[in-house]
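*Asks:* sequence below, structure please.
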Amino acid sequence: MGYRPGRYAAIDIGTVTCRMLVADVAADGAITELAKEYAITNLGEGVDASGLLSRAAMDRVLAAVDRYLVVRDALAEPGRPVTTIAMATSATRDAANGAEFAALLAERGVTLAVIPGQREAALSFLGASSGFPGEDVAVVDIGGGSTEVVAGRAGAEPAMARSFDVGCRRMTERFLASDPPTAAERAAARAWAHDEMAPYFADLRTAVAVGRMVAVAGTATTVVSVREAMASYDSARVHRAFVSVADLRAVAERLEELPLTERERVVGLDPGRAPVIVAGMVILEEVLALMGLPGFTVSESDILDGMVLEAARG
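*Replies:* Sure, this is the predicted structure:
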């Protein structure tokens with residue numbers, strides 16, 4: 001499969017985070033990262049209950065996008081435009097006023113695609129699996145409003161893909177009311193995740209001989225940064241790090257026992273992610289248990305890489 005060489009900017013507007021990747025793509029699909037931006041904007045705050053994006057939440061995302069466009073434009077070269085792709089996922093899919101949000105972005109020259117969960121899953125797989133050629137992998141992307149699980153041979157079309165309306169913000173707002181969340185709340189949350197996901201994993205285990213679970217996005221990367229006590233996030237140490245079941249339980253146990261004010265001070269945890277990280281750990285532990293594997297590999301390549309590669313496909 002050929003790719004159109006060029007410079008691309010991908011903006012991913014999720015339920016919890018808003019991120020951008022600016023990268024050059026070569027004819028063989030090799031990606032050279034030029035800039036990567038990240039902000040916790042909590043677009044999905046309250047959406048599960050209200051069905052609406054709040055104006056304050058939209059303004060947080062718009063402020064982040066305005067900063068990103070300055071970064072993108074600084075990387076533009078004469079005669080070499082930066083092809084820009086922007087996608088929104090669970091929170092905007094669920095909100096009745098998603099079109100209003102898209103119109104606000106259009107005023108900035110950003111065309112927003114609100115993508116269905118299946119496409120979100122396929123793009124995550126395309127980006128994350130590119131680093132494991134020839135392997136049968138399952139890519140897991142835990143977001144704020146949904147979790148995507150995609151399995152198949154790396155580099156090929158996915159054999160199975162599913163997007164579940166089980167995300168760390170959605171779970172937090174539905175189940176984890178106490179500070180810190182009680183054992184009973186966490187158990188109820190995990191039972192909900194299990195009931196939603198278990199039938200799919202039963203089918204997956206018979207359809208694909210998965211040898212590696214690849215986890216992307218903030219919950220998975222946080223496990224490594226907390227385990228390694230990273231005062232400054234080091235992408236090179238996080239990418240392709242292996243996390244065992246025991247490692248995951250140790251980090252989860254530490255975080256779930258702390259009240260929010262103390263979680264916010266844990267080295268390696270972005271304070272903005274502290275309110276939803278316990279739910280993220282609940283989902284990650286349940287997915288790993290359903291997968292039946294001894295651990296997972298973290299990947300820094302994710303839906304942003306998939307968006308860039310899809311845009312560059314000839």
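
*Asks:* quick one: Ala96 and Val47 touch, right?
*Replies:* No: using C-beta atoms under 8 Å, Ala96 is not in contact with Val47; the gap is 9.5 Å. No exception for glycine: its C-beta is placed from N, CA and C like everyone else's.

*Asks:* of the two, which one has the most company?
*Replies:* The neighbour comparison of Ala96 against Val47 (other C-beta atoms under 10 Å) goes to Val47, with 28 against 11.

*Asks:* ok, that one - contacts?
*Replies:* For Val47, the contact set (C-beta atoms under 8 Å, 6 or more residues apart in numbering) comprises 15, 53, 91, 94-95, 145.

*Asks:* redo the residues you listed as JSON lines? Include neighbour count.
*Replies:* Below are the contacts of Val47 laid out as JSON lines (neighbours: other C-beta atoms under 10 Å):
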{"residue": "Thr15", "neighbour count": "29"}
{"residue": "Leu53", "neighbour count": "24"}
{"residue": "Ala91", "neighbour count": "32"}
{"residue": "Asp94", "neighbour count": "20"}
{"residue": "Ala95", "neighbour count": "25"}
{"residue": "Gly145", "neighbour count": "28"}
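
*Asks:* lowest-confidence member of those residues, which is it?
*Replies:* Within the contacts of Val47, pLDDT reaches its minimum at Ala91, with 70.

*Asks:* any idea what sits nearest it, other than its immediate chain neighbours?
*Replies:* Nearest residue to Ala91 in three dimensions, chain neighbours excluded: Gly44, at 3.3 Å (C-beta to C-beta, 6 or more residues apart in numbering).

*Asks:* ok, now Glu148?
*Replies:* Distance criterion C-beta to C-beta, 6+ apart; nearest residue to Glu148, sequence neighbours excluded, is Ala121 at 3.8 Å.

*Asks:* the one you found and Gly144, how far apart?
*Replies:* 16 Å (C-beta to C-beta, to the nearest Å).

*Asks:* which of these two has more neighbours?
*Replies:* The neighbour comparison of Ala121 against Gly144 (other C-beta under 10 Å) goes to Gly144, with 33 against 28.

*Asks:* now do the same contact list for that one.
*Replies:* 14-17, 42-44, 90-91, 167-170, 276.

*Asks:* which two in those residues are spaced the farthest apart?
*Replies:* Thr17 and Arg170 (14.7 Å; C-beta to C-beta).

*Asks:* center of the protein - which residue?
*Replies:* Ala217 (3.6 Å; C-alpha atoms, centre = their mean).

*Asks:* surely it is in contact with Ser146?
*Replies:* No: counting by C-beta under 8 Å, Ser146 is not a contact partner of Ala217; they are 11.1 Å apart.

*Asks:* ramachandran angles for Ser232?
*Replies:* Phi and psi for Ser232, reported as degrees, to the nearest 10, are phi -120, psi 130.

*Asks:* distance-wise, check it relative to Lys36.
*Replies:* 15 Å.

*Asks:* that older thread, looking at Thr17 and Arg170, which one has more neighbours?
*Replies:* For Thr17 and Arg170, the more surrounded residue by other C-beta under 10 Å is Arg170, and the numbers stand at 28 against 22.

*Asks:* show me what the helix or strand that one falls within is packed up against.
*Replies:* Assigned by DSSP states H and E, Arg170 belongs to helix 168-175. Helix 168-175 is packed against helix 47-50, helix 183-207, helix 274-291, with contacts defined by 3 or more C-beta pairs under 8 Å, 6 or more residues apart in numbering; DSSP states H and E.

*Asks:* pull the residues that contact the worst-scoring helix or strand of the chain on mean pLDDT.
*Replies:* The helix or strand of the chain with the poorest confidence is helix 90-94; it has a mean of 73 (mean pLDDT, DSSP states H and E). Where contact means C-beta under 8 Å, 6+ apart, the residues beyond helix 90-94 that reach it are 13-15, 43-44, 47-48, 51, 53, 98, 101-102, 112, 114-117, 143-146, 165, 167, 170.
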